[in-house]
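Asker: Here's a sequence, model it:
(chains A, B, C, D, E and F)
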There are 6 protein chains.
Amino acid sequence: MWAYNKKLEYPVNINSKDLKMAKYLADQYGGPYGELNAALQYLNQRYIMPDDKGKALLTDIGTEELAHLEIIATMIYQLTKDVPVEELEKAGLGSHFTSFDHATFPSNAAGVPYTAAYLQTTGDYIADIESDMAAEQRARATYEHLMDLTDDKDILAPLAFLRQREIIHYQRFKELRNYYLKNKI
Amino acid sequence: MWAYNKKLEYPVNINSKDLKMAKYLADQYGGPYGELNAALQYLNQRYIMPDDKGKALLTDIGTEELAHLEIIATMIYQLTKDVPVEELEKAGLGSHFTSFDHATFPSNAAGVPYTAAYLQTTGDYIADIESDMAAEQRARATYEHLMDLTDDKDILAPLAFLRQREIIHYQRFKELRNYYLKNKI
Amino acid sequence: MWAYNKKLEYPVNINSKDLKMAKYLADQYGGPYGELNAALQYLNQRYIMPDDKGKALLTDIGTEELAHLEIIATMIYQLTKDVPVEELEKAGLGSHFTSFDHATFPSNAAGVPYTAAYLQTTGDYIADIESDMAAEQRARATYEHLMDLTDDKDILAPLAFLRQREIIHYQRFKELRNYYLKNKI
Amino acid sequence: MWAYNKKLEYPVNINSKDLKMAKYLADQYGGPYGELNAALQYLNQRYIMPDDKGKALLTDIGTEELAHLEIIATMIYQLTKDVPVEELEKAGLGSHFTSFDHATFPSNAAGVPYTAAYLQTTGDYIADIESDMAAEQRARATYEHLMDLTDDKDILAPLAFLRQREIIHYQRFKELRNYYLKNKI
Amino acid sequence: MWAYNKKLEYPVNINSKDLKMAKYLADQYGGPYGELNAALQYLNQRYIMPDDKGKALLTDIGTEELAHLEIIATMIYQLTKDVPVEELEKAGLGSHFTSFDHATFPSNAAGVPYTAAYLQTTGDYIADIESDMAAEQRARATYEHLMDLTDDKDILAPLAFLRQREIIHYQRFKELRNYYLKNKI
Amino acid sequence: MWAYNKKLEYPVNINSKDLKMAKYLADQYGGPYGELNAALQYLNQRYIMPDDKGKALLTDIGTEELAHLEIIATMIYQLTKDVPVEELEKAGLGSHFTSFDHATFPSNAAGVPYTAAYLQTTGDYIADIESDMAAEQRARATYEHLMDLTDDKDILAPLAFLRQREIIHYQRFKELRNYYLKNKI
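Answerer: Reported below is the predicted structural model:
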């Protein structure tokens, strides 16, 4: 089980209103290569890892991805909070407003709801860890796309932090795979 | 952010192998009225609650639903662990095995992957809390269906606990709605 | 069975061309909190209501939601009828035009096709009626969002009528729930 | 708008319990070639028909498909009403029961929820009427499959009626298409 | 099996950058009436055709639709190649860029991923061929919509070619249907 | 473009009728780790590879996956050809028969239609090739699951061939990734 700590893993303080970024950031919330999918994938896969080392790593990274999910949600929330409907509409958020007003929603940037069809698990731990390594590469690439879409430092700082974490996760998954292959577990 | 505590909210120790229940329990994992959807719905909605009282309640219950998700995953895992493929197949788990082997997967009982199309939020906190009350009623009904499908005490005990929690969550959401309506927040 | 009456439940006569509203109105056509889903949910649930009173109410409101669906379709149709493709494109309807030309289509405002994943039924009539009450709250909120998105009186009048109907439906569902709870049916 | 008439277009009185048919009949409820999709497709397309003749035909057949939807729902309801959970499970309805108890749900026979991705409209009335002709052919084929799956006369009689109606609808759509082609409308 | 020939069925040389067309062309890539769905539908259906004549026609047209899919992908690729992110964003491709950068993706014009829910087969070869005829009509209509959305000759020429091929495919499917009906196969 | 060669990449001659395998094999047809998804993923990604070497490899393997798709479809077709409906039903194919009769359909083993939500591309060629490596691992694991589900030599032989090809594809993708990393392309 989890205990909630009322603190973000990385601080979010957005002053400007680069509103279109609220739309694009959704991709890391409920998109195919986003934090929700990563968290669910790792927490779901941990049961079939062959030893405690693997179970612990997947629990650890899965739990951190939940913290990342919270960072992304907070960014979207701060970007749109109290913004009048006319401005939301101009920024291309009219469709989102129609359904959800100022609330966040786990969809991709185009508004397609999150689906567990994105989530990969085969019950074969080598295949699963390779899938996790690839997931981290895709998350890294998505953060780079998001960083290409804005100049706002308040947005860029948490994105740079999150991108860096994905690179570290990739390394940790790679080490685990190599450990299992080497030790023929 | 969340800290992981290596302990289930309610103990799971399944000795018998009522295998078909592994299939049905998926409904509370990735089904329309299941724990994953509840957790995401409440954690997603908390940002638009009008005061700290509401934000705290949604965070609190959303976090508990993550713990419930873990209980359900553990139950499915224990039910199928080390069971030979022939037995899985006889119990109607052949399709699941083809894709996922002994791993769990967030789908409903029929194998339809979880979709955030199940998740409800409108940005209107009264509508959202009523949606949460209704979600708790549906979760309660689903637990009752699951309890009708087995006589195994190892399975019934955690299901009874979880059902009871949904009833308490319903009450807490109802109190919050009434507090907001009474105080015209 | 149903007999068609060539008359709208509320008149629709749109003279101006607030084109972007055609896109947003789709949310009440095939969106998660829209009229199609409401009609199907109530007409689907009526069989498991415990008495004729409940069956009649769900049939009655389900049938009225079909009439609302027709109002929404007529509004979208009138808004876009004979509008040149260049204007549709400027209003953000280029993607819609590519697939559907000037036809309507049951999707949400972002273009995601209607899915019965939105539809809630558990076979437990108390849970189902609470789900209907919550559905009416979400429909009310969505009408309010749509009314915030336009100043066109030709559009606002039917939306105000429809919003009011949802509030009345909510009351009727609440009365039914309370009647069942009081009489321990 | 529509007025409800408390009478089925064709009587349904099922005495035996060919339970697996409840599962298969869902295909005509919420499946790809089922009555819900037909009703929505025709009622949605009618606005772009080039004259009143076309609009009237689509409204007429669309309204009849709603009556067919009601026949199918009634058949599924009668087949499963008051059947104990053990028998439902033996007939392969355990997954359905988990989510929906004895309620119906608009999915296909495998339990995949209805999606408007099945619905075809292009805004080109010739393409749309050909799509309707093809839809009627698929519905006819599906009724034939269902009739191959049972020997129960209580079930076969309404299926034979419904199959016959699809053949007539096909003819009426074909006549409309030919009329438009001949008259170069 | 198939052998690849490094040559397009129709040449694509796009010099201008009518960027919004990249978004709309996706509809023929992964949209409901697009080339991917046509290719899969015909190649999937060929097994149940009653003779070699039918199997050959479906294989032949299915294989050609793969070539069309490649033409569409090449057009989207050429339209967006090396275009700076700012220009992509202005053209409404910001959401696409977030997930996919300059890569293509099989979705419809609104960004909804391709689903085989679009694909029609009943195992009844007459119903299936009528479905194919209707599919060709819808593809023709979609090409006409796309041609209405641009004045760029580099784009119009391949679209006109592709539209013409759909008309020919429609004729060939119609001849096959009539041959089967006449010979009572 | 592609030329069709009326020959399977590996011969399929199934004499026995291990019918349930028809259901499970669907997973390699339209499932998340199946041949359709692999073919589309590689053919879609090839445009953004940085040189001809990468484009050629993706075209080559993508084209071979189309041949694998044909092998799987032929296996399913041979397994069910001319089998009476009663036998299909006993083997758990009743739901499939209702919609599709003896035709194949691109779904997973549980009957969920193929969705391009399974397909991964980011426009970052390193991330994409890692995604392809992981896809091959998952396909290998799925073939191993299928081989665990049958003793029929007619089925096992093509599955063993296909599994072997996935291992080779994995190696080729890995070499390409390493080549790009080493040469800092």
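
Asker: count of residues packed around the residue in chain A positioned nearest to chain E?
Answerer: When distances are taken as CB to the nearest CB, chain A reaches nearest to chain E at A:A110, 3.1 Å away. (C-beta placed from N, C-alpha, C; glycine too.) Look at A:A110: counted by other CB atoms under 10 Å in any protein chain shown, it has 24 neighbours.

Asker: Doesn't it lie inside a helix?
Answerer: No - secondary structure assignment (DSSP: H, G, I helix; E, B strand; the rest coil) places A:A110 in coil, not in a helix.

Asker: quick one: it and chain C, what's the gap?
Answerer: To chain C, A:A110 is 7 Å away according to CB to the nearest CB, to the nearest Å.

Asker: Show the contacting residues for that residue.
Answerer: Contacts for A:A110 (CB atoms under 8 Å, 6 or more residues apart in numbering or on different chains) come out as C:110, E:95-96, E:99, E:107, E:110-112.

Asker: can you list those in JSON lines and add distance to A:E175 and pLDDT?
Answerer: Below are the contacts of A:A110 laid out as JSON lines (distance: CB to CB, whole Å; pLDDT from 0 to 100):
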{"residue": "C:A110", "distance to A:E175": "40", "pLDDT": "96"}
{"residue": "E:S95", "distance to A:E175": "35", "pLDDT": "97"}
{"residue": "E:H96", "distance to A:E175": "34", "pLDDT": "97"}
{"residue": "E:S99", "distance to A:E175": "28", "pLDDT": "97"}
{"residue": "E:S107", "distance to A:E175": "36", "pLDDT": "98"}
{"residue": "E:A110", "distance to A:E175": "41", "pLDDT": "96"}
{"residue": "E:G111", "distance to A:E175": "36", "pLDDT": "97"}
{"residue": "E:V112", "distance to A:E175": "38", "pLDDT": "98"}
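
Asker: how about those in CSV, adding distance to E:K6?
Answerer: Putting these into CSV (distance: CB to CB, whole Å) gives the following:
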residue, distance to E:K6
C:A110, 38
E:S95, 32
E:H96, 27
E:S99, 29
E:S107, 26
E:A110, 32
E:G111, 30
E:V112, 31
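
Asker: and the residue nearest the centre of chain A, what pLDDT?
Answerer: Central residue of chain A (CA atoms, centre = their mean): A:E35, 1.9 Å from the mean position. A:E35 carries a pLDDT value of 98.

Asker: again with the one 5 residues further on
Answerer: Predicted confidence (pLDDT) for A:L40: 98.

Asker: so which strand or helix has it?
Answerer: helix A:35-45 (DSSP states H and E).

Asker: and that helix, is it in reach of chain F?
Answerer: No - Helix A:35-45 lies apart from chain F when judged by CB under 8 Å from any CB of the partner chain; the minimum separation is 10.4 Å.

Asker: and that helix with chain E, contact?
Answerer: No - Helix A:35-45 does not reach chain E (CB under 8 Å from any CB); its nearest approach is 12.2 Å.

Asker: I'd guessed A:Q137 sits against F:S131; true?
Answerer: Yes - between A:Q137 and F:S131 a contact is recorded at 7.1 Å, counting by CB atoms under 8 Å.

Asker: Tell me which of these two has more neighbours.
Answerer: Neighbours per residue, other CB under 10 Å: of A:Q137 and F:S131, the larger number sits with F:S131, 28 against 24.

Asker: So which bits of the helix or strand hosting the more buried one are buried?
Answerer: For F:S131, the host element (DSSP H and E) is helix F:125-148. The neighbour-count check on helix F:125-148 (16 or more other CB atoms under 10 Å in any protein chain shown) flags F:125-146, F:148 as buried.

Asker: can you list the residues of chain A near chain C?
Answerer: Going by CB under 8 Å from any CB, the residues of chain A near chain C are A:85, A:89, A:92, A:94-99, A:101, A:107, A:110-113.

Asker: Next, report how far the helix or strand where A:F97 lies is displaced from the centre of its chain.
Answerer: Counting by DSSP H and E, the element that carries A:F97 is helix A:94-100. Its chain's C-alpha centre lies 22 Å from the corresponding centre of helix A:94-100 when counted by CA atoms, centre = their mean, to the nearest Å.

Asker: Residues contacting that helix from elsewhere in the structure, which ones?
Answerer: A:23, A:85, A:88-89, A:105, A:111, B:121-123, C:20, C:23-24, C:27, C:31-33, C:92, C:108-110, C:142, C:145-146, C:148-149.
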